[in-house]
Every structure is written in C-alpha cells, then in structure tokens.
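>>> output the structure for:
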Amino acid sequence: MCDTDARLEGKVIVVTGGSSGIGFETAKNLAKRGARVVIASRNETKLKLARDNIKEATGNSDVYYRLLDLGSLKSVRNFASETLSYEKRLDVLINNAGSVGLPDTLTADGLNLTMQVNYFGSFLLTFLLLPMLKSSAPSRIINSSASSMYIGHLDFDHWNDIGRYNFITALANSKLAETLFTAELDRRLKGTGVTANSFDPFVVKDTDILINAPEAIKEVSKFFINLVGLKKEEVGQQIAYIAAEPTLEEESGQHFKFCRKWLNHWLVSDTDLTKKLWEASKAAVNISNEEDWESSER
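Predicted structure coming up:
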C-alpha cells in the first residue's frame, strides 16, 4: 500500500507491543532498514522469540527487548529508566501496544485497567522519554488510535470508574484520550524538532487483539475482520512509513490511516480540553517533582 526507500542506520526506535502482531511487523520492517530497534511487551518468552525472529529475518543484529507492562506504572518507569540508561538517543517512539475487552477493574495504581493499558501507560512513557526525544531531534512520536475514538467521551471526574463503561465505550474513551494527547503533544513540541502523530490501523487479520473480548463479539468481529481486514504485514509497513519517510519529517498533529492524512477527531482543536487532559493525566500517573521536566522550563 505504501512504502519508502528510507534507511535508518544510526537511528534508535522503540516499539511497544513489539513481540507480536502489527508491532512485531513494524519492528521487523524498521530493523530491515538498519535501525537499532527495541521491542517492548510484558511477556519475556515472546519478546525473546520475536527478537530472534527479527534478527534472522532482517540480518540486523541490533535488535533488543525490554520488559514493559503498561498496566503497571512502576514497570513503565523502570522501562523508561532503562532506556535512558542504555540508549544514547531516541529517534522514534511508537506507542503501538493496547488491548480490547480487558476486565472492568482497577489496577494496583488505582486506574481503570483499559484506560491505563491504552492511554495512561503510554502517556507516562512518552512524558518520561520526551527529554531524550528532544535531544535527539529531529525525532518522532507515533501513537496508536482507532475509529472508536469518534464515539469516545472524556469525563475527568469519572474516567477511572468501574461499572460505568462497557468494553466498547472503555476502548473508545481510551483511544480518544490518546488522540487528544497527540494533539496536545503537537502544540507543546512546536519548534523542538519532535513531531507527534496518531495512526488508525483499521482492522487487522491474524492478531490476538480480540483475545479478551466477549465470545459473541469475538466471533462476529472475526467474520468482519476476515472479510475486510488488512494483513498485519501491511499495517506494519504503514506504521514504518510514518516512522521513516523523509517527507514526513515535519508533519505533526496529523491522524494517519492507510498511510494518508485522515479525518481527525473534531475535539483536537479544543485547546482548553487538551490542556486539561495533559494536566489531569500528569496527576493520574503521579508525575513527581524529579520527573517533571516541565517545571524547569517554566
């Protein structure tokens, strides 16, 4: 569908959810271009296998893994700390990891599980890695969204409530948050050389994204996905295109689908809302004084 001849030698790229599915295919595509690629997920067995498969498929030995559980803010902080310690630069952060149909429960951090896995975790990770991304500029942040965002709603007083949202609305809310977060990133990063864009993978065949969904919905969804869905290799190529294509170096605040700029959510232009989301998110993940690099820039 889309491709680029761009080479990425000397570039460091982090791909969350990189042990399987479209994250794995994205990482493989980028490794083939010569990048140093770090894949992240919570399953070490799958990570080791994915790393070895990428190395074998691409001939690139500069592929690594680190454990990351977005459902644990401690794990996110550990991952960020390790990245800051082991990497000299960070050129692209791809927040690909996410899940559908998670249990309606709170995490150990007191946050709604779906919101934390699909949004709060990536918000915290991005916030902690932003100083490195800035020092590595030009650099890129790519956040995963979905069409469900169009029916999402954010109520900051109740976004972590249990028993209020079903599996579809919980997903929609988390993806709306990720999209509005991307818009606020774009505004705050003007002039830094760091870009922030979101992407919608559409629907993808042969992934385990629906593993937690209710059985009835899973079966109907599988039929639809098999009918119109894209191959995971195709979507991985699309994400790699956004990460690598030289002509997109200055594109920011965009929403991509099928490698094209797509209709974004109408609320991305509500700066009061996106600013409120930013501050509410910092509070939700308990950004400490030591972590808050923004305070030193004021």
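
>>> from here on, contacts and neighbour counts on C-alpha atoms
Fine.

>>> following the helix or strand hosting residue 40, which helix or strand comes up?
Residue 40 belongs to strand 36-41 when elements are defined using DSSP states H and E. Beyond strand 36-41 on the C-terminal side, the first helix or strand identified by DSSP H and E is helix 44-58.

>>> that following helix vs strand 36-41, what angle?
Interaxial angle of helix 44-58 relative to strand 36-41 (axes from the mean of the first three to the mean of the last three Cα atoms, to 10 degrees): 150 degrees.

>>> contacts for helix 44-58, please.
The set of residues external to helix 44-58 that reach it, using Cα atoms under 8 Å, 6 or more residues apart in numbering, is 18-20, 24, 27-28, 31-32, 39-41, 60-67.

>>> output the contacting helices and strands for the helix or strand containing residue 239.
Secondary structure from DSSP H and E places residue 239 in helix 232-244. Under the contact criterion of 3 or more Cα pairs under 8 Å, 6 or more residues apart in numbering; DSSP states H and E, helix 232-244 touches helix 21-32, strand 139-144.

>>> CSV for the ones you listed, including mean pLDDT and distance to residue 230?
Output for the helices and strands packed on helix 232-244, formatted as CSV (pLDDT from 0 to 100; distance: least, Cα to Cα, whole Å):
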stretch, mean pLDDT, distance to residue 230
helix 21-32, 97, 10
strand 139-144, 98, 16
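
>>> adding mean neighbour count, write those out as CSV.
Formatted as CSV, the helices and strands packed on helix 232-244 follow (neighbours: other Cα atoms under 10 Å):
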stretch, mean neighbour count
helix 21-32, 26
strand 139-144, 25
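
>>> adding distance to residue 194, write the ones you listed out as JSON lines.
Output for the helices and strands packed on helix 232-244, formatted as JSON lines (distance: least, Cα to Cα, whole Å):
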{"stretch": "helix 21-32", "distance to residue 194": "19"}
{"stretch": "strand 139-144", "distance to residue 194": "5"}
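
>>> could you point out which of these sits nearest residue 113?
Nearest to residue 113, of all these, is strand 139-144, at 17.1 Å by Cα to Cα.

>>> report all helices and strands that that closest one contacts.
Using 3+ Cα pairs under 8 Å, 6+ apart, the elements in contact with strand 139-144 are strand 92-95, helix 167-188, strand 194-200, helix 232-244.

>>> off-centre distance for the shortest one?
To tie it back to what came earlier, the one meant is strand 92-95. 6 Å (Cα atoms, centre = their mean, to the nearest Å).

>>> and it, average pLDDT?
Per-residue pLDDT values across strand 92-95 average out to 98.

>>> CA atoms only: put that strand into CSV for me.
C-alpha atoms of strand 92-95 as CSV (Å, rounded to 0.1, in the frame of the first residue of the first chain):
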residue,chain,number,x,y,z
VAL,A,92,11.2,7.3,17.2
LEU,A,93,8.8,6.2,19.9
ILE,A,94,6.0,4.1,18.6
ASN,A,95,3.2,3.7,21.2
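
>>> and the contacts of whatever helix or strand comes next after that strand?
Helices and strands here follow DSSP H and E; after strand 92-95, the next one along the chain is helix 113-115. Identification of contacts with helix 113-115 by Cα under 8 Å, 6+ apart yields 71, 99-107, 159-160, 170-171, 173-174.

>>> at 7 Å instead, please
Contact with helix 113-115 is made by 71, 102, 104-107, 170-171, 174, as judged by Cα atoms under 7 Å, 6 or more residues apart in numbering.

>>> swap in stretch 163-179?
100-101, 104, 114-115, 118-119, 143, 145-146, 148-149, 151-154, 198.

>>> give me that answer again for 6 Å
With contact meaning Cα atoms under 6 Å, 6 or more residues apart in numbering, stretch 163-179 is reached by 101, 115, 118-119, 145, 148-149, 152-153.

>>> just checking, which helix or strand of this structure averages the lowest pLDDT?
Ranked by mean pLDDT, DSSP states H and E, the weakest helix or strand in the chain is helix 215-228, scoring a mean of 56.

>>> still on that earlier bit, give me the buried positions along the helix holding residue 239.
Buried residues in helix 232-244, counted by 16 or more other Cα atoms under 10 Å: 232-244.

>>> cool, stretch 130-150 as well?
Neighbour counts over stretch 130-150 (16+ other Cα under 10 Å) mark 130, 132-149 as buried.

>>> got the CA coordinates for it in CSV?
Extracted in CSV, the C-alpha atoms of stretch 130-150 (Å, rounded to 0.1, in the frame of the first residue of the first chain):
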residue,chain,number,x,y,z
LEU,A,130,10.5,13.4,26.0
PRO,A,131,13.8,15.0,27.1
MET,A,132,15.7,12.3,25.2
LEU,A,133,13.5,12.7,22.2
LYS,A,134,14.1,16.4,22.2
SER,A,135,17.9,16.0,22.5
SER,A,136,17.7,13.5,19.6
ALA,A,137,15.7,15.8,17.3
PRO,A,138,14.5,15.6,14.6
SER,A,139,12.5,12.8,16.2
ARG,A,140,9.0,11.3,16.0
ILE,A,141,6.3,10.1,18.3
ILE,A,142,3.6,7.9,16.8
ASN,A,143,0.5,7.0,18.9
SER,A,144,-2.0,4.2,18.2
SER,A,145,-5.6,5.3,17.9
ALA,A,146,-8.7,3.7,16.4
SER,A,147,-12.0,4.6,14.7
SER,A,148,-13.8,4.0,18.1
MET,A,149,-12.4,7.4,19.2
TYR,A,150,-15.2,9.1,17.3
